[in-house]
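Colleague: Task: produce atomic coordinates for the following.
(2 chains)
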There are 2 protein chains.
Amino acid sequence: MLDILFELVQSWSVKNEGIYTIDEIKEWYYYLNNSLRVNISFTEYEADSEWAYNSDTDRIERRSGSFFSIAGLINSQEQVEQPVILQQEIGYLGMITQMQNGVLHFLIQAKIEPGNVNKVQLSPTIQATHSNFTKVHKGAAPKYLEYFLEAGKHKIIFDQIQSEQSSRFLGKRNRNIVIYVDESVEIELYDNYRWVTLGQIKELMKIDNIVNMDTRTVISCIPFSTLEKDENINYLSQFSDKILGRSVLYSDFRPYEIAKMYHYINNYKMFHLEHSKVCGLSELPNWYWDGSMFVSDKYKNFRVIFCDVEIEKREVLKWQQPLFQASGNALFALAYRISDGIMEFLVQCKPESGCFDQIELAPTWQLEANERKNLEKNNFGKILLKKIEKGIDIRNHVLLSEEGGRFYHEQNENIIFELNSGEVKQAPGSSEGYFWLTYNELNTSMLYNNVLNIQLRNLLSILSDSNG
Amino acid sequence: MLDILFELVQSWSVKNEGIYTIDEIKEWYYYLNNSLRVNISFTEYEADSEWAYNSDTDRIERRSGSFFSIAGLINSQEQVEQPVILQQEIGYLGMITQMQNGVLHFLIQAKIEPGNVNKVQLSPTIQATHSNFTKVHKGAAPKYLEYFLEAGKHKIIFDQIQSEQSSRFLGKRNRNIVIYVDESVEIELYDNYRWVTLGQIKELMKIDNIVNMDTRTVISCIPFSTLEKDENINYLSQFSDKILGRSVLYSDFRPYEIAKMYHYINNYKMFHLEHSKVCGLSELPNWYWDGSMFVSDKYKNFRVIFCDVEIEKREVLKWQQPLFQASGNALFALAYRISDGIMEFLVQCKPESGCFDQIELAPTWQLEANERKNLEKNNFGKILLKKIEKGIDIRNHVLLSEEGGRFYHEQNENIIFELNSGEVKQAPGSSEGYFWLTYNELNTSMLYNNVLNIQLRNLLSILSDSNG
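Modeller: Numbering: from 1, shown residues only, chains lettered A, B, ... in the order given. Coordinates of the predicted model:
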């Protein structure tokens, strides 16, 4: 029987022997990105426009109904006071895979999102809110929807609901799903879709702002660690970086480490009984309207703006909508050490204001633009600053975007870096909620919902084979 | 290094070579149970009593404040209309283990709970709500609390927050934790506490209403499947039932089965957007006060009663409180089949009205007393009825109690039974949310929160070695 996880490992190693070479994919991407005109500009907020502040509900809402709105979130015990996006429904972030020319390929889409730094980014096969395919938009059904609605007909490689940015959304989750469709099924290829290998996706992730957030979270969830090994196959031959290969396929799952990590998480859940509460925007004492923007002088991570969006393709589409604008680039950095030839990642248990279950695992550093100065405040932070400055021990370093449908030009710095044994001694420990976990432990945990946050998942997704 | 999971496997096999023999433990239990006088009786509800209906909040509350209250829960889409216990805080259900005479022992407590069928049942080392050890009760701290508050000093075998009865509570969860304390630490032994082996606990679970709900859920979570095997040890020699031993220690973890199961669960979460809402008791149209009871003629699973409780020990303790009274014994039955010498358990994805995240895994059959007649309605149900009648293929069959602090004399029938290959064909399938999972898959899933419901966890806890 075809072992799809092994095919996935092999697909990771293919950069040029797929249907297209990596250069052809890049050419296609840049062509689409350049042939499209997107204008996005700050706009004057007008009370009678489609999106507006509704004084009855004390929220920002779409007049004709929508699947999201913006309310306040408050928790005095935890110093939380902010606008928050309410979007309870769960959407699909789904990827179709199929064997093509003997290599497993992913069906990706070049998709426009209004807030993106690049106008077009590469998204999963389907990226659709529940409303997209039911009532609110009343448009055509999203392409390839039927494959996911009837996924039981195919092989489901992975299916889990995972959190999104919990400092901006209240308990928002999307459904990450990867299915494998048999070769005998002919899948129609629509405009702006392409079959690419996993190796090609990983290669594109090394370039700023090409692979979108949704593709990254879906890719992060592939359960490589659960691959059942056949003694006669040399799996490591698929990896040029043997340490990475061993970490992905052969690292341990240590129940006591999971227990220690949950001990910290459960202490947090047990002793923090005061949960954040949704309130009206006018109930946020330190936030106010500054012309067309909703801002705070005290809480400066982001503000709410209104934008005019115009997309010129075959026809011209225009609309206005609110977006969250971050105060600058956040930093998401994941440290690892090599122990007995296996990578161990330093993750932190991080509470976030809108977290579905209060706290999830986050990367070593997860700093809003305003918080980046914290790096200079302690020796462990200085280690990272020095590595960035000198360009050493940095495995990945790339600017990647958050969701363009809610965030305005939000791109964040994603770094994976190595610590040597001396530096490891400076790292914070378990009493501060930091734990060294293997790839297997993180990967297995993603089979379950709401364990790893999106920043950590997306960093894991960009782990690439050839150090570059 | 001492491998505690292996010590746990060995402790399972010890029934008489612990500190006490199994008969000595039984004698101790019956002595305590008989030497105590507990009177519990229905009482007239009085508006000025300590626990009363508060018309301002439209709930049943304790006048001087309490960590739980009773409100209404409603969801028209899902036909939910019922009183529900609100108890947001998370308590400890914790067990201390230690090597004693070369065998790993658990420190259990003979504990009185007012609603219990037996006055005393065997509970974990600690069973304490957050309020117990903070403010509401103002009594002495629970015994052994310090071991759990400072669990980091010891070895944490397991630590996870798990759900309780989601048809009675709204999102209630408790913290299941097992710690291992080094032999060098002398642990004081208080009145009504005893060191027992896992084999003895399993043996006591075969007797009606001795081992309480909290002990069962804690025991269910021991991560046997994650035991790292040493090739030189014959682990199976610890089991007289080799099929059980292989299932517990050597069964597979199949990621595609987990994905299929979550596919069903995620469909449910994605397409059931109308969540249950808390309301006042007077807003439940089909519920009314019948004298001192809050009842419904339409929803007959349980009613709310008020009881006078009197416990006579060294001193006499008296109080009044509300309890939920079920309409009879519920049935929790877990089917398994043997496939290639390994047990596979038939579990269902079951939504429940007060579930923390809408839906969890439940046993094959989970029927309220009123629903037991459903067994007669289809061929698969009739298989179980016939097995019970003839007493064949029944591995475990025992009456066990739910929590005596909230439920009045609630004892439920717990059954584990085997299906042969012909009978398996009658079983419901994945399209109805039923899946065949291995012990490893269920056991690993319990490392994460809110995957298995309490009925399923507690059935797994009573799995015993010698078929009896």
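Colleague: Do a quick rundown of the strands in the stretch 101-250 of chain A.
Modeller: Along the stretch 101-250 of chain A, counting by DSSP state E, counting those that start in this stretch, strands occupy A:103-112, A:120-123, A:126-128, A:155-163, A:173-180, A:193-196.
Colleague: For chain B, find the nearest of those strands.
Modeller: Closest approach to chain B among the strands of the stretch 101-250 of chain A (CB to the nearest CB): strand A:155-163, 4.4 Å. (Each C-beta comes from the backbone N, C-alpha and C, glycine too.)
Colleague: what packs against that closest one?
Modeller: On a contact count with 3 or more CB pairs under 8 Å, 6 or more residues apart in numbering or on different chains; DSSP states H and E, strand A:155-163 meets helix A:4-12, strand A:173-180, helix A:454-461, helix B:255-271.
Colleague: Now render the strands of the stretch 101-250 of chain A as a markdown table, adding mean neighbour count.
Modeller: Below are the strands of the stretch 101-250 of chain A laid out as a markdown table (neighbours: other CB atoms under 10 Å in any protein chain shown):
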| stretch | mean neighbour count |
| --- | --- |
| strand A:103-112 | 23 |
| strand A:120-123 | 26 |
| strand A:126-128 | 23 |
| strand A:155-163 | 22 |
| strand A:173-180 | 25 |
| strand A:193-196 | 21 |
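Colleague: Pipe these into CSV and attach distance to residue B:58 per row.
Modeller: Output for those, formatted as CSV (distance: least, CB to CB, whole Å):
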stretch, distance to residue B:58
strand A:103-112, 49
strand A:120-123, 48
strand A:126-128, 40
strand A:155-163, 34
strand A:173-180, 32
strand A:193-196, 55
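Colleague: so which of the ones you listed comes closest to residue A:42?
Modeller: strand A:103-112 (19.3 Å; CB to CB).
Colleague: Tell me which strands the closest one pairs with, and in which orientation.
Modeller: Sheet pairing of strand A:103-112 (DSSP bridges) gives strand A:91-100 (antiparallel), strand A:120-123 (antiparallel), strand A:193-196 (antiparallel).
Colleague: quick one: which of those strands is nearest residue A:159?
Modeller: Across the strands paired with strand A:103-112, residue A:159 has its closest neighbour in strand A:91-100 (9.0 Å, CB to CB).
Colleague: Does residue A:287 touch residue A:293 like I think?
Modeller: No. Using CB atoms under 8 Å, residue A:287 makes no contact with residue A:293, being 10.4 Å away.
Colleague: between those two, which one's more packed in?
Modeller: Comparing residue A:287 with residue A:293 by other CB atoms under 10 Å in any protein chain shown, the one with more neighbours is residue A:287, at 21 against 15.
Colleague: Around chain B, which positions in the stretch 351-468 of chain A sit nearby?
Modeller: Contacts of the stretch 351-468 of chain A with chain B, taken as CB under 8 Å from any CB of the partner chain, map to A:357, A:430, A:431, A:444, A:445, A:447, A:448, A:449, A:451.
Colleague: Now with 7 Å, please.
Modeller: Applying CB under 7 Å from any CB of the partner chain, we find that the stretch 351-468 of chain A lies next to chain B at A:447, A:448, A:451.
Colleague: Out of the residues you listed, the closest to residue A:422 would be?
Modeller: residue A:451 (30.8 Å).
Colleague: Quick check: the closest one touching residue A:359?
Modeller: No. Residue A:451 lies out of contact with residue A:359 (CB atoms under 7 Å); the separation is 10.3 Å.
Colleague: of the two, who's got more company?
Modeller: residue A:451 (26 against 23).
Colleague: phi, psi of the closest residue to that one other than its chain neighbours?
Modeller: Spatial nearest neighbour of residue A:451, chain neighbours left out: residue A:445 (4.2 Å); criterion: CB to CB, 6 or more residues apart in numbering or on different chains. When quoted as degrees, to the nearest 10, the phi and psi of residue A:445 stand at phi -60, psi -30.
Colleague: so residue A:445 touches residue A:453, yeah?
Modeller: No. The pair formed by residue A:445 and residue A:453 falls short of the contact definition of CB under 7 Å, at 11.4 Å.
Colleague: These two: who's more crowded?
Modeller: residue A:453 (27 against 22).
Colleague: which ones are touching the more buried one?
Modeller: The contact partners of residue A:453, taken as CB atoms under 7 Å, 6 or more residues apart in numbering or on different chains, are A:163, A:166, A:350, A:360, A:361, A:362.
Colleague: Helices - which of these land there?
Modeller: Among the contacts of residue A:453, none falls in helices (DSSP state H).
Colleague: In PyMOL, select just the buried ones from those residues.
Modeller: Only the buried entries of the contacts of residue A:453 go into this PyMOL selection, using 16 or more other CB atoms under 10 Å in any protein chain shown:
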select buried, chain A and resi 163+166+350+360+361+362
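Colleague: Residue numbers of the stretch 151-300 of chain A in contact with chain B?
Modeller: A:151-152, A:155-161, A:175, A:223, A:226, A:253, A:255-256, A:258-260, A:262-263, A:266, A:269-270, A:273.
Colleague: among the helices and strands of chain A, which has the poorest mean pLDDT?
Modeller: Across the helices and strands of chain A, mean confidence by mean pLDDT, DSSP states H and E is lowest for strand A:37-42: a mean of 84.
Colleague: Output the very next helix or strand once past that one as CSV, restricted to C-alpha atoms.
Modeller: For strand A:37-42, the following helix or strand on the C-terminal side (DSSP states H and E) is strand A:51-54. Taking C-alpha atoms only, strand A:51-54 is exported to CSV below (Å, rounded to 0.1, in the frame of the first residue of the first chain):
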residue,chain,number,x,y,z
TRP,A,51,-18.8,48.9,7.6
ALA,A,52,-19.5,51.2,10.5
TYR,A,53,-19.5,51.6,14.3
ASN,A,54,-23.0,50.6,15.5
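Colleague: Report the closest residue of the stretch 351-468 of chain A relative to chain B.
Modeller: residue A:448 (4.1 Å).
Colleague: Do I have it right that that residue meets residue B:447?
Modeller: No. Between residue A:448 and residue B:447 there is no contact under CB under 7 Å: 8.5 Å.
Colleague: Give me the more crowded residue out of these two.
Modeller: Counted by other CB under 10 Å, residue A:448 and residue B:447 do not tie: residue B:447 has more neighbours, with 23 against 20.
Colleague: Report the separation between the residue nearest to residue A:451 and residue B:202.
Modeller: Here residue A:445 is placed at a distance of 30 Å from residue B:202 (CB to CB, to the nearest Å).
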